[in-house]
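Participant: sequence first, predicted model second:
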Amino acid sequence: MNKKQLIPLTSSLSLLLTACGNNDMTDLEQYIVSVKARPAGIVEPIPELRPYHSFQYPDHDKDPFDSTELRPKKRPVFKQGVTIDHNRVPEFLEGFPLDSFTMVGTVKQKGIQWGLVKIPDGTVHRVKVGNYIGQNYGKVVAIEEGKIILKEIIPNGFGGYKERDNAISLSSVVTQ
């Protein structure tokens, strides 16, 4: 930057700075006086603090936040042997939930007792002891005059399976 350019720049800056030097603050001072003249508001008292009462739990000298204390010491023991045969080809009636079946009767043919069940589309199918029905691997274990008795395999909640007795009766599904 040369001297000819510097002179107008410095003069304009000095002019701007003198404009900022206006010390007229009468309006601000009047506002402060009017605020101080107002009556003071009511300040609510500080609420009383209740003293903290600690409670000592008896016979607990372990750290409650220690994660090793939260783990179970022994795994629950379940009946072994309840497994699902994943190599077995599923039967047609295993594609429907058990509560969608309606038992419509029984029939005995060539010495074999059959249970008659109706699926949601209205088709009637025969089942005999040893057939599978429903989505919980329900194996037909007995067919009586008014009901079909099943053994289902359901999850036990611990990564394994358990057996559950169930039945389809002439009027509705009955869980035992």
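Facilitator: Cool, the structure landed.
Participant: just say helix, strand or coil for the most centrally placed residue in the chain.
Facilitator: Geometric centre of the chain, nearest residue: G157, 15.7 Å, by Cα atoms, centre = their mean. The local conformation at G157, judged by DSSP: H, G, I helix; E, B strand; the rest coil, is coil.
Participant: now D85
Facilitator: D85 - assigned by three-state DSSP - is coil.
Participant: repeat that for I148.
Facilitator: strand.
Participant: could you report the pLDDT at it?
Facilitator: We have a pLDDT of 94 for I148.
Participant: how about the contacts made by it?
Facilitator: 103, 115, 117, 127, 133, 140, 142, 167-168 (Cβ atoms under 8 Å, 6 or more residues apart in numbering). For the C-beta atoms, the positions are set from N, CA and C on the backbone; glycine is no exception.
Participant: tell me which two in those are the farthest apart.
Facilitator: Spanning the widest gap among those are V117 and A142, at 14.6 Å by Cβ to Cβ.
Participant: neighbour-wise, which of those two wins?
Facilitator: Using other Cβ atoms under 10 Å as the criterion, V117 and A142 rank with V117 on top: 22 against 13.
Participant: beta partners of that one?
Facilitator: Here V117 sits in beta bridges with M103, H125, as judged by DSSP bridges.
Participant: isn't it right up against V124?
Facilitator: Yes. Counting by Cβ atoms under 8 Å, V117 touches V124, with 7.0 Å between them.
Participant: which neighbours do these two have in common?
Facilitator: V104.
Participant: between the contacts of I148, which sits nearest L93?
Facilitator: I133 (4.4 Å).
Participant: ok, the closest one - how many residues close by?
Facilitator: 27.
Participant: is it in contact with L93, as I believe?
Facilitator: Yes. Between I133 and L93 there is a contact at 4.4 Å, judged by Cβ under 8 Å.
Participant: which strands and helices sit next to the helix or strand harbouring N166?
Facilitator: Using DSSP states H and E, N166 maps to strand 161-169. Strand 161-169 is packed against strand 102-109, strand 147-155, strand 173-175, with contacts defined by 3 or more Cβ pairs under 8 Å, 6 or more residues apart in numbering; DSSP states H and E.
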